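[1] Here is a sequence with its predicted model. Questions after.
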Amino acid sequence: MNKISLYWCFLFLPLILNFSEATDEKVGNIYELKKGNFSVKLTNYGATVLSVVLPDKNGKLDDVVLGFESLKDYTNDSVYFGATVGRVANRIGRAEFTLNGNHYKLVPNDHGKNTLHGGSKGFSDVLWTVKRHIVDSHITFTYDSRDGEEGFPGDLSVSVTYMFIEPHALAIKMEAKALTKATPVNLAHHTYWNLRGHASGDILSHKIHIFGSNITPVNDELIPTGDIAPVKGTPYDFLEPREIGSRINELPDGYDINYVLDPSSPEHLRKAAVLHDSVSGRKLELWTNQPGVQFYTSNMLDDVKGKGGFVYKKHAAVCLETQGFPDSVNHPNFPSQIVNPGDTYLHAMVYRFTAN
């Protein structure tokens, strides 16, 4: 598959949202998608991915995403393991923006003055409703975000669908409809990937190829400056595959930057990245309809106790978060994230796995 048609992600099926499953009112429930030797476990707390189990080149099954041992641990999560983040993912500088002549102050939860991943109680920290679940096919979560939630304007109706579209491909479709006011929307998926297995150590020997010739540079609080800068010849240059750790020591902590993805034909998703681990043979290809991808090497993990009691350390995983550009609401030169009443935001991504 050289290209992935928008058809498969925008119209993967005409979902009939006709029932709700019972939910633990505090921590949510666990749901599974399973087809053959490929399985994904999720929870409606944060519409979160708990595990992704798939074979390596020898057929050995491993869980390739980081996470906690129990659902209760996710209610105190500060690293966003596997979560759906929003209403606006990534950072908004000074926790404020102006839209249609109105000035909005948001909840600051980063450096004491910026907003990160939607605020102190973003979409990763709420219970979603399960509207449809077919074990060998898909699951859809929905959430109704109210006007003023974390400071954002307008009521917003949100859905996230996880769906198998190939034997080893997972599609995610995120939709949000503005109901009453114009509002920024930038949803993202925050799974931490380690293709050798979640308990295998660091990912510095993984090779990555990122299809972005430019980045949006940031200040020391990781807020974009508004510039767009080429990566060629810098430590951010992954225009050809190379090991993540090959130049990471040239950066203060590691990678945590938005790449401006190279354009593709409008009828197809654009290829964002390819991640490969030579030991397991597993390869992840990521495709999206969004203009950016955040490449994050889990720099802030600091002895986090995870599944099976394994302790996750710095650089234990990679996050590849397809998205609009960070702080877009404060940079008119960045692609707009504003959704007007009656309009629908659509974010599609496909994770395709192989092993050889």
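    On my side now, so go ahead.
[2] Poorly predicted segments of this protein, please.
    Within the chain, the segments meeting pLDDT under 70 span 1-25.
[3] can you count the residues close to residue 311?
    12 (other Cβ atoms under 10 Å). Where C-beta positions appear, they are placed from N, C-alpha and C, glycine not excepted.
[4] same check, this time on residue 312
    If you count neighbours by other Cβ under 10 Å, residue 312 ends up with 26.
[5] same question, the one 3 residues further on
    Under the neighbour criterion other Cβ under 10 Å, residue 315 is assigned a count of 22.
[6] Surely it touches residue 200?
    No: counting by Cβ atoms under 8 Å, residue 315 stays clear of residue 200, with 12.0 Å between them.
[7] Helices of this protein, start to end?
    6-10, 71-74 (DSSP state H).
[8] Show me how far the last one is from its chain's centre.
    Just to be clear, that refers to helix 71-74. 19 Å (Cα atoms, centre = their mean, to the nearest Å).
[9] now stretch 138-151
    Worked out by Cα atoms, centre = their mean, stretch 138-151 lies 16 Å from the chain centre.
[10] That stretch: end-to-end distance?
    Taking Cα to Cα, to the nearest Å, stretch 138-151 runs 32 Å from one end to the other.
[11] Need the residue closest to the centroid of the protein.
    Geometric centre of the chain, nearest residue: residue 189, 1.9 Å, by Cα atoms, centre = their mean.
[12] What residues are recorded as beta-bridge partners of residue 42?
    Beta bridges link residue 42 to residue 31, residue 49, judged by DSSP bridges.
[13] give the contact list for it.
    30-33, 48-50, 82, 139, 162 (Cβ atoms under 8 Å, 6 or more residues apart in numbering).
[14] Please report how far it lies from residue 280.
    Applying Cβ to Cβ, to the nearest Å, the value for residue 42 to residue 280 is 23 Å.
[15] do residue 175 as well
    Using Cβ to Cβ, residue 175 is found at 34 Å from residue 280.
[16] returning to what we had before: list the contacts for the residue nearest to the centre of the chain?
    By Cβ under 8 Å, 6+ apart, the residues touching residue 189 are 49, 83-85, 172, 174, 321-322, 349.
[17] What is the nearest of those residues to residue 307?
    Of all the contacts of residue 189, residue 307 sits closest to residue 49, with 12.6 Å by Cβ to Cβ.
[18] count of residues packed around that closest one?
    By other Cβ under 10 Å, the burial measure for residue 49, its neighbour count, is 24.
[19] residue contacts, it?
    Per Cβ under 8 Å, 6+ apart, neighbours of residue 49: 40-42, 65, 67, 82, 162, 189, 191.
[20] mind redoing it with 6 Å?
    For residue 49, the contact set (Cβ atoms under 6 Å, 6 or more residues apart in numbering) comprises 42, 82, 191.
[21] With residue 116 instead?
    Contacts of residue 116 (Cβ under 6 Å, 6+ apart): 91, 109-110.
[22] and if you look at residue 27?
    By Cβ under 6 Å, 6+ apart, the contact set of residue 27 is 45, 71-72, 75.
[23] burial of the residue nearest to it when sequence neighbours are not counted, as a residue count?
    In this structure, residue 27 finds its nearest non-sequential neighbour in residue 71, 4.3 Å apart by Cβ to Cβ, 6 or more residues apart in numbering. As a burial measure, residue 71 scores 18 neighbours (other Cβ under 10 Å).
[24] got it, and residue 345?
    Residues contacting residue 345 under the criterion other Cβ under 10 Å number 22.
[25] Could you do the one 5 residues further on as well?
    Counted with other Cβ under 10 Å, the burial measure for residue 350 works out to 26 neighbours.
[26] swap in the one 4 residues further on?
    Summarising burial for residue 354: neighbours were counted as other Cβ under 10 Å, giving 14.
[27] Am I right that it is in contact with residue 283?
    Yes: between residue 354 and residue 283 there is a contact at 5.0 Å, judged by Cβ atoms under 6 Å.
[28] Save the contacts of residue 189 as JSON lines, and put in distance to residue 99 too.
    Below are those laid out as JSON lines (distance: Cβ to Cβ, whole Å):
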{"residue": "49", "distance to residue 99": "31"}
{"residue": "83", "distance to residue 99": "26"}
{"residue": "84", "distance to residue 99": "23"}
{"residue": "85", "distance to residue 99": "20"}
{"residue": "172", "distance to residue 99": "27"}
{"residue": "174", "distance to residue 99": "21"}
{"residue": "321", "distance to residue 99": "23"}
{"residue": "322", "distance to residue 99": "24"}
{"residue": "349", "distance to residue 99": "26"}
